[in-house]
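Asker: structure, please.
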Amino acid sequence: SLLLSEFCPIFCNFFATVKQITAVIKVNQVCLQARYAIDVFYTKAGCSLVAINPFHPVQSLYSQELMKEYHTVDRLQELKPHIFTVAEESYRNVQSQIPLVNQSIIVSGESGAGKTWTSRCLMKFYATVAASSDIPEGSITVERIEQRVLDSNPVMEAFGNACTLRNNNSSRFGKYIQLHLNRSQLLTSASVQTFLLEKTRVSYQAPQERNFHIFYQIAKGATLEERREWDLLETAHFCWLPNSEKTLEEDCFDVTRKAMTHLGINSFTQSNAFKILAGLLHLGNIQFYESEDEAQLCDLEDLAKGFAETASRLLRVPGEQLLDTLRIRTITAGRQRQVFRKPCLKAECETRRDCLAKVIYARIFDWLVSVINESICASNSVWNNFIGLLDVYGFESFVENHLEQLCINYANEKLQQHFVGHFLKAQQEEYAEEGLEWSFVSYQDNQTCLDAIEGNPVSIFSLLNEACRLNWTSNAAQFQSRIEIALSKNTCVSRDKFRKEPNFIVSHYAGSVCYRIESMVEKNKDPVPPELVLLLQQSQDALLQKLFPVEETNTKPDENDAKTQAKPALVTVVSKFKGSLEQLMEILHSTTPHYIRCIKPNADCKAALFIKEEVLHQLEACGIVETVNISAAGFPWLARKHFQRLRKAVRIIKQTWKKWKTKMAAIAAEELDGIEEHPLPSVLGIAAPSGQAARKLDRSWPLNSIIRFWPLSLVLSSTLTTLERLQRNLALLTCLQVLQKMNWTKAETRFTIQGVNSIRAPPQDSIKFHCRRSPLLYANTRPYSHSCIVTGFNQILLDKCTTP
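Answerer: Numbers count the residues shown, from 1 in each chain. Predicted structure coming up:
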């Protein structure tokens, strides 16, 4: 490793001009390092974009002007690789793909690699693109929706992000945002789906880490009057508020409050929520003495009584009942449903206290997500398709790893498998089907690792669920033995024999991680004592009453009914997370994916420091090396996708051309009457018949309303229909290059101004030739008064897809 200021300028001059990694013969981190040295942080690698975190603000790289530049450029390839390139490409795909296909942008990488920042910039880009439309009837709605979508970011980051060892703003939950677009490609609504909030962070923070940002915001940013009411004075010390001396940008309370106001949460409800959070801080300071007699209640420490009174006042629950709930366990037994009250030991009292805080915080977080969705969501009738942004926690490996890290790394394994299956494996199989001489490039398939974690019939998850279902005692050593025996044949599972505490090691795609088994089964159960819920249902606080409604008691079950007496099925943490992740994967499989791989140049999050070994490890782990090799050796990814679309278009046009032929000929003859002849240049050596010159466009028409793809329709309707497979693709690619060099009609996808009811392209051929040989319609009426103008070429496809 070395500081970039000392890097050899010769390498900088050579590699800085390389925009795509696939342009170099051999992949090496020197290319990325050279670009990083001159503040070029994005590089295209096959179907993925490599984004290296600069670890310092670069405002000009994400300005509004740059967003508009990437949105308005005709050819994205002419601009440098950027996250805006991926955003605009997915946006144009939504506009042009026939049939319409939803898009997804998958942002992945290690913790601290810049995933949250990247997702935030992508949302700003789409909000800017939608707000830039000049359609008056949608401008007010678009501005309201796009601002609310952006305001959801600071709220969710305040309640769901925290400072960890590797990242000052680490996402402690997964998030998938769908941006809904209407026919005019305007942002009409959005929806948010979250996964696996790390609620254990409320009551436990690892050394040198912090709690969720919102706790520090209310402790530092609330008004003096509010802090007095909540007993959050500067002299107060809270066990669940460690490392509060750190000052971070994320501690800005005013930003969070303003965003919550824009989302429709009034000041009273905000203060109510913050008061409850302050009550949780006081709850964490309730400490217990160990009781000498198991039949006696655990006494409180001297200062704990005051904290208990404050917590009960802020949560608006009876103080005595709060302490009884924390120190007494209720047991119901026998057919007569007799109730016994048993004092809890100190450890159990602390567990119940932590559980109370976690269940309250989790409900508040879920409530916020529902409020955000109510504010930005709309009926399915007002939007046609969506662009999804996936931001999940990065791969994690700490000194001590628990159930949370196992679930996080499992999610990353699933996303890596999606990438492997979508590109690395499918791409090579298609090369073989096309008849290319192809030797398969080896890549790291993580199916064995996934089988170890989630496979059937035996896996780590199944063993955890079995232990919970049978209500085994928490014997970590016994559980370790079961894993070793059951998964002895899986090469991805082992254990660290040098550690005293029970553990197991999983060899993930990004590296091996050692997980601690202690308390893993209990965390998977995630039990909530019914006494805690009953306590919260009796609260006089308006928000807690909404979060914990009093459920109507059902009629008493028949004691002879065995089904009624059976206990409800236990839904564990890993079961819920696996189910939600499978739903997410189904959505991703139904969309066109785009990949952004975020890379950390160094583990210390320092600017201008590039450690080649760490970068290369991340590139190899996420499959970038194999991606580049496969992309460079075969057909380019984008060209292949373009060929697929054009082949599909040809089939549809040939089927629908007959019914359009008469109508098109009449319209073309009427609109092109009186123009002069002009010879059509030959394509692929075939001489074209003479034609008529282009008539000048009416000055009232905007220059950017020129029809797109009309020269290509001549090619599709004649020459290429007789070619097959590889020859067809090569010929089509040649035609595209010839047409581009001849600078015929620019490919534009812009919206026309209000009031223009048709768009026309300057003809380059005679009317006779055009009507007989080409499926393109010169003049086209707009199908919807509120939507953008579509070309005649695309109008045929649109009618075909919408015809029942």
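Asker: CA atoms for contacts and neighbours, from now on please.
Answerer: OK.
Asker: contacts only, for the closest residue to A222 other than its chain neighbours.
Answerer: Of all residues not flanking A222 in the chain, F253 sits nearest, at 7.3 Å (Cα to Cα, 6 or more residues apart in numbering). Residues in contact with F253 (Cα atoms under 8 Å, 6 or more residues apart in numbering) are 214, 217-218, 220-222.
Asker: now do F159: how many residues are near it, please.
Answerer: 23 (other Cα atoms under 10 Å).
Asker: ok so it is a strand residue?
Answerer: No - per DSSP: H, G, I helix; E, B strand; the rest coil, F159 lies outside any strand segment and is helix.
Asker: helix or strand for the residue lying closest to it once chain neighbours are set aside, which one?
Answerer: Spatial nearest neighbour of F159, excluding adjacent residues (Cα to Cα, 6+ apart): I214 at 5.5 Å. Per DSSP states H and E: I214 is located in helix 213-221.
Asker: show me what secondary structure element comes after that helix.
Answerer: By DSSP H and E, the next helix or strand past helix 213-221 is helix 224-229.
Asker: can you list contacts of that next one?
Answerer: Outside helix 224-229, the residues that touch it by Cα under 8 Å, 6+ apart are 219, 233.
Asker: so which residues of the stretch 451-600 of the chain form strands?
Answerer: When assigned using DSSP state E, counting those that start in this stretch, the strands of the stretch 451-600 of the chain occupy the ranges 493-494, 503-508, 511-516, 592-599.
Asker: quick check: closest non-adjacent residue to R469.
Answerer: Counting by Cα to Cα, 6+ apart, the residue nearest R469 is L570, at 6.6 Å.
Asker: could you give the angle of the helix or strand C407 falls within to strand 511-516?
Answerer: Counting by DSSP H and E, the secondary-structure element that holds C407 is helix 403-419. Interaxial angle, helix 403-419 versus strand 511-516 (axes from the mean of the first three to the mean of the last three Cα atoms, to 10 degrees): 150 degrees.
Asker: average pLDDT for helix 403-419, rounded please.
Answerer: Averaging pLDDT along helix 403-419 gives 92.
Asker: just the angle for it relative to strand 592-599, thanks.
Answerer: Going by the same axes, to 10 degrees, helix 403-419 makes 130 degrees with strand 592-599.
Asker: which strands and helices sit next to helix 403-419?
Answerer: Counting by 3 or more Cα pairs under 8 Å, 6 or more residues apart in numbering; DSSP states H and E, the packing neighbours recorded for helix 403-419 are helix 447-454, helix 520-525, helix 573-589.
Asker: what's the closest of the ones you listed to G319?
Answerer: Ranking the helices and strands packed on helix 403-419 by proximity to G319 (Cα to Cα) places helix 520-525 first, at 28.0 Å.
Asker: list the contacts of that closest one.
Answerer: Contacts of helix 520-525 (Cα under 8 Å, 6+ apart): 402-403, 464-465, 467-468, 474, 570-574.
Asker: go on, stretch 147-159?
Answerer: Counting by Cα under 8 Å, 6+ apart, 120, 123-124, 127, 171, 190, 212-214, 250, 255-256, 259-260, 262-263, 365, 369, 372, 375-376 sit against stretch 147-159.
Asker: got it, and stretch 408-425?
Answerer: Counting by Cα under 8 Å, 6+ apart, 47, 108, 393-396, 443, 445-447, 449-450, 453, 508-509, 581, 585, 622-623, 626-627, 630 sit against stretch 408-425.
Asker: quick one: contacts for N169?
Answerer: Listed by Cα under 8 Å, 6+ apart, the contact partners of N169 are 112, 161-163, 250.
Asker: how long is stretch 64-79 end to end?
Answerer: 16 Å (Cα to Cα, to the nearest Å).
Asker: give me the buried positions along it.
Answerer: Going by neighbour count (16 or more other Cα atoms under 10 Å), the buried part of stretch 64-79 is 67-68, 70-71, 76.
Asker: and if you look at stretch 114-127?
Answerer: Buried residues in stretch 114-127 (16+ other Cα under 10 Å): 114-116, 118-119, 121-127.
Asker: flag the shaky bits of the stretch 301-450 of the chain, pLDDT-wise.
Answerer: 424-443 (pLDDT under 70).
Asker: all helices of it, in order?
Answerer: Assigned helices in the stretch 301-450 of the chain, in chain order: 304-315, 319-327, 346-376, 403-419, 426-433, 447-454 (criterion: DSSP state H, counting those that start in this stretch).
Asker: so for T43, which of those sits nearest?
Answerer: helix 403-419 (18.1 Å).
Asker: packing partners for the helix holding I214?
Answerer: Packing partners of helix 213-221 (3+ Cα pairs under 8 Å, 6+ apart): helix 136-160, helix 253-262, helix 267-283.
Asker: average pLDDT across the first one?
Answerer: Model confidence over helix 136-160, given as mean pLDDT, is 77.
Asker: elements contacting the helix or strand just after that helix?
Answerer: Scanning forward in sequence from helix 136-160 by DSSP H and E, the next helix or strand is strand 161-162. With contacts taken as 3+ Cα pairs under 8 Å, 6+ apart, strand 161-162 sits against strand 170-171.
Asker: partners of the strand it packs on, with directions?
Answerer: According to DSSP bridges, strand 170-171 forms sheet pairs with strand 161-162 (antiparallel).
Asker: now tell me what touches the partner strand from outside.
Answerer: With Cα under 8 Å, 6+ apart, strand 161-162 has contacts from 168-173, 210-213.
Asker: picking up where we left off before, from the contacts of helix 520-525, list the buried ones, please.
Answerer: Of these, these count as buried by 16+ other Cα under 10 Å: 402-403, 464-465, 467-468, 474, 572-574.
Asker: from the contacts of stretch 408-425, keep the buried residues only.
Answerer: Buried members of the contacts of stretch 408-425, counted by 16+ other Cα under 10 Å: 47, 108, 393-396, 445-447, 449-450, 453, 508-509, 581, 622-623, 626-627, 630.
Asker: compute the number of surrounding residues for the closest residue to C605 other than its chain neighbours.
Answerer: Nearest non-adjacent residue to C605, counting by Cα to Cα, 6+ apart: F55, 6.2 Å away. Counted with other Cα under 10 Å, the neighbours of F55 add up to 18.
Asker: who's in contact with F55?
Answerer: Counted by Cα under 8 Å, 6+ apart, F55 has contacts 605-608.
Asker: just those residues: which are in helices?
Answerer: Assignment to helices by DSSP state H places none of those there.
Asker: tell me the one among those nearest to E294.
Answerer: Nearest to E294 among the contacts of F55 is C605, at 49.9 Å by Cα to Cα.
Asker: adding distance to C598, write the buried ones among the contacts of helix 520-525 out as CSV.
Answerer: Listed next are the buried ones among the contacts of helix 520-525 as CSV, based on distance: Cα to Cα, whole Å:
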residue, distance to C598
H402, 24
L403, 25
L464, 32
N465, 34
A467, 37
C468, 37
S474, 39
T572, 32
V573, 28
V574, 27
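Asker: pLDDT-wise, what's the bottom of those residues?
Answerer: Scoring these by pLDDT puts S474 last, at 63.
Asker: what about the residue lying closest to R495 once chain neighbours are set aside, how many neighbours?
Answerer: Nearest non-adjacent residue to R495, counting by Cα to Cα, 6+ apart: F504, 4.2 Å away. F504 has 21 neighbours, counted by other Cα under 10 Å.
Asker: and the gap between F504 and V513?
Answerer: 8 Å.
Asker: repeat that for K80.
Answerer: Taking Cα to Cα, one finds K80 at 37 Å from V513.
Asker: more crowded one of these two?
Answerer: Higher neighbour count among K80 and V513: V513, with 22 against 18, using other Cα under 10 Å.
Asker: let me see the contact set for that one.
Answerer: 397, 401, 505-507.
Asker: okay, and the beta partners of it?
Answerer: Assessed by DSSP bridges, V513 has beta-bridge partners V506.
Asker: what pLDDT does the model give V493?
Answerer: 96.
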